[in-house]
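1. coordinates only, sequence not included:
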């Protein structure tokens with residue numbers, strides 16, 4: 001792993017040794033310095049200027065969609081040749097429909113209020129000092145993600161609107177897609193007079209570039225990993241740059257005794273089958289032992305091609321419905337495919353206990369017609385998103401009106417859940433006086 005060299009390296013007994021940073025470390029440091037200069041321009045850019053940049057990117061994406069999709073097809077072909085799973089290929093794929101979604105997200109971002117400069121709180125003290133705490137950009141954001149070219153556009157758009165420059169590491173699986181997207185984004189920025197270095201990629205330096213980002217404390221203000229467990233854990237354990245954790249999605253739905261099949265079946269099918277490769281897809285179904293809707297729910301899931309990894313009680317309940325025996329590992333598995341763990345619980349307490357034992361803190365849902373059960377679930381389940389009688393697929397920045405998202409934060413710091421514009425800002429205290437001195 002590449003490391004930033006200490007200014008006072010250890011010396012041998014015989015002579016001092018001048019250790020030089022690797023080419024990747026030096027290059028990333030230079031990129032971060034240029035991004036810092038760009039961030040100062042963005043910090044003073046008004047909403048109109050930033051919105052023109054977002055719309056310019058949207059226009060370029062629309063005009064060059066055929067080129068972008070063609071470059072993406074090269075990544076898909078490489079992925080297939082390398083044995084990439086269908087779930088990862090789905091994450092990697094750009095279609096006309098998905099490009100339309102990216103354009104819509106950029107346009108929605110342009111229509112949202114600018115978070116920069118909004119006042120969180122303020123007052124005038126008895127001594128006459130005037131105080132305001134306002135939202136300001138973080139400065140330079142680093143993002144490390146894998147096989148998700150749509151994230152390149154989402155993060156660039158959110159960073160720009162919130163006044164931040166961003167360094168991207170999008171991974172080799174999406175190399176051609178990200179190269180095409182980065183080129184049109186940088187051209188669009190220059191077309192409206194903003195620095196192209198507001199959005200930069202370290203992909204040319206591969207894994208060494210990612211390592212250099214993790215070690216660039218003081219040059220990158222915050223690092224956001226987005227991807228599978230291995231990627232996220234590596235960033236968390238390696239980085240010296242402050243990290244906002246975006247967790248894996250071991251998502252649960254509890255089918256309460258009172259839930260009816262008319263509501264439960266379409267919700268479960270949507271939560272599991274609409275796009276199984278994403279982090280807000282349900283991975284474990286907990287069924288109340290007395291839930292009358294259970295047989296219809298299991299039959300519908302099996303008919304839709306879902307493999308049910310069932311515990312002993314769920315196997316018995318399923319009867320002729322195909323299942324496979326669940327193992328202990330299933331309860332902690334994020335399948336990202338048409339697989340679903342199924343367990344029978346005796347009551348709401350059993351469901352909450354299971355969730356506490358196995359949740360990654362992303363999203364949990366309850367399907368119920370019992371208001372008291374819904375309120376208990378909301379109060380006692382400690383995840384970034386808790387949903388009542390709706391699909392877990394709604395844990396998404398675009399679906400929740402944020403325009404887009406950098407990721408779903410599962411930590412408990414300033415950002416939790418879908419991270420939109422406000423989550424990419426910090427605050428500054430502004431103190432105004434008239435010759436005040438402290439006594």
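-> Nice, thanks for sending it over. Everything numeric here is computed off the predicted structure, so don't read it as measured data.

2. what is the neighbour count of residue 329?
-> Residue 329 sits with 9 neighbouring residues when counted by other C-beta atoms under 10 Å. No exception for glycine: its C-beta is placed from N, CA and C like everyone else's.

3. name the SS class of it, please.
-> On the three-state scheme (DSSP: H, G, I helix; E, B strand; the rest coil), residue 329 is labelled helix.

4. so what does the host helix or strand of residue 153 touch, helix or strand wise?
-> Of the helices and strands defined by DSSP states H and E, residue 153 is found in helix 149-161. Counting by 3 or more C-beta pairs under 8 Å, 6 or more residues apart in numbering; DSSP states H and E, the packing neighbours recorded for helix 149-161 are helix 47-63, helix 96-111, strand 140-145, strand 165-169, helix 175-191, strand 199-201.

5. centre of the chain to the fifth one, how far?
-> Averaging C-alpha positions (C-alpha atoms, centre = their mean, to the nearest Å) puts helix 175-191 21 Å from its chain's average.

6. swap in the second one?
-> The chain centroid and the centroid of helix 96-111 are separated by 17 Å, computed with C-alpha atoms, centre = their mean.

7. what lines up beside the helix or strand following that helix in the sheet?
-> Moving toward the C-terminus from helix 96-111, the next helix or strand (DSSP H and E) is strand 119-124. If you go by DSSP bridges, strand 119-124 pairs up with strand 130-137 (antiparallel).

8. what's the angle from the strand it pairs with to strand 165-169?
-> Using axes from the mean of the first three to the mean of the last three C-alpha atoms, to 10 degrees, the inter-axis angle of strand 130-137 relative to strand 165-169 is 30 degrees.

9. next, the angle helix 149-161 makes with strand 130-137.
-> Taking the same axes, to 10 degrees, one finds that strand 130-137 is oriented at 150 degrees with respect to helix 149-161.

10. per-residue confidence averaged over strand 130-137?
-> Model confidence over strand 130-137, given as mean pLDDT, is 97.

11. what comes into contact with that strand?
-> By C-beta atoms under 8 Å, 6 or more residues apart in numbering, the residues outside strand 130-137 that reach it are 39, 42-43, 115-125, 162-164, 422, 424-433.

12. packing partners of the longest helix belonging to the chain?
-> Of all the segments assigned as helix in the chain under DSSP state H, the longest by residue count is helix 23-44. The contact analysis (3+ C-beta pairs under 8 Å, 6+ apart) places helix 23-44 against strand 130-137, strand 140-145, strand 165-169, strand 199-201, helix 206-214.

13. so how far is the second one from its chain's centroid?
-> Spelled out, that is strand 140-145. On the basis of C-alpha atoms, centre = their mean, strand 140-145 sits 11 Å off its chain's mean C-alpha point.

14. okay, the residue nearest the centre of the chain and residue 248: tell me how far apart.
-> For the chain, the residue whose C-alpha lies nearest the mean C-alpha position (C-alpha atoms, centre = their mean) is residue 407; its distance is 1.3 Å. Residue 407 sits 11 Å away from residue 248 when distances are taken as C-beta to C-beta, to the nearest Å.

15. can you report how many residues lie near the closest residue to residue 327 other than its chain neighbours?
-> Residue nearest to residue 327 in three dimensions, not counting chain neighbours: residue 309, with 7.6 Å by C-beta to C-beta, 6 or more residues apart in numbering. Counted with other C-beta under 10 Å, residues neighbouring residue 309 total 24.

16. and the helix holding residue 153, what's its mean pLDDT?
-> Across helix 149-161, the average pLDDT comes to 94.

17. please apply the same query to stretch 202-210.
-> 95.

18. which of the residues in that stretch are buried?
-> If you call a residue buried by 16 or more other C-beta atoms under 10 Å, then stretch 202-210 has these buried ones: 202, 203, 205, 208, 209, 210.

19. and if you look at stretch 65-81?
-> Going through stretch 65-81 with 16+ other C-beta under 10 Å, the ones that come out buried are 65, 68, 69, 71, 72, 75, 76, 78, 79.

20. would you turn these into CSV with secondary structure?
-> Putting those into CSV (three-state DSSP) gives the following:
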residue, secondary structure
65, helix
68, helix
69, helix
71, helix
72, helix
75, helix
76, helix
78, helix
79, helix
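
21. can I get the residues you listed in JSON lines including distance to residue 403 and pLDDT?
-> Supplementary listing: the buried residues of stretch 65-81 in JSON lines, determined by distance: C-beta to C-beta, whole Å; pLDDT from 0 to 100:
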{"residue": "65", "distance to residue 403": "20", "pLDDT": "97"}
{"residue": "68", "distance to residue 403": "20", "pLDDT": "98"}
{"residue": "69", "distance to residue 403": "23", "pLDDT": "98"}
{"residue": "71", "distance to residue 403": "25", "pLDDT": "97"}
{"residue": "72", "distance to residue 403": "23", "pLDDT": "97"}
{"residue": "75", "distance to residue 403": "26", "pLDDT": "96"}
{"residue": "76", "distance to residue 403": "27", "pLDDT": "96"}
{"residue": "78", "distance to residue 403": "31", "pLDDT": "96"}
{"residue": "79", "distance to residue 403": "29", "pLDDT": "95"}
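
22. what's the local residue count around residue 230?
-> Tallying neighbours of residue 230 according to other C-beta under 10 Å, which is how burial is gauged here, yields 10.

23. who touches it in this structure?
-> Neighbour list for residue 230: empty [criterion: C-beta under 8 Å, 6+ apart].

24. so it is in which element?
-> Residue 230 belongs to helix 229-238 when assigned by DSSP H and E.

25. strand partners of whichever helix or strand comes after that helix, parallel vs antiparallel please.
-> Counting by DSSP H and E, the next helix or strand C-terminal to helix 229-238 is strand 251-255. Strand partners for strand 251-255, identified by DSSP bridges, are recorded as strand 282-288 (parallel), strand 363-367 (parallel).

26. which one of those lies nearest to residue 357?
-> Closest approach to residue 357 among the strands paired with strand 251-255 is made by strand 282-288 (10.9 Å; C-beta to C-beta).

27. residues making contact with stretch 48-61?
-> Contact partners of stretch 48-61, identified using C-beta under 8 Å, 6+ apart, comprise 42, 68, 99, 102-103, 106-107, 109-110, 114, 153, 156-157, 160-161, 163, 181, 184-185, 187-189, 191-194.

28. count of residues packed around the residue nearest to residue 250 when sequence neighbours are not counted?
-> Once its chain neighbours are removed from consideration, residue 250 has its nearest residue in residue 360; the separation is 4.4 Å (C-beta to C-beta, 6+ apart). With neighbours defined by other C-beta under 10 Å, the count for residue 360 comes to 19.

29. lovely, talk soon.
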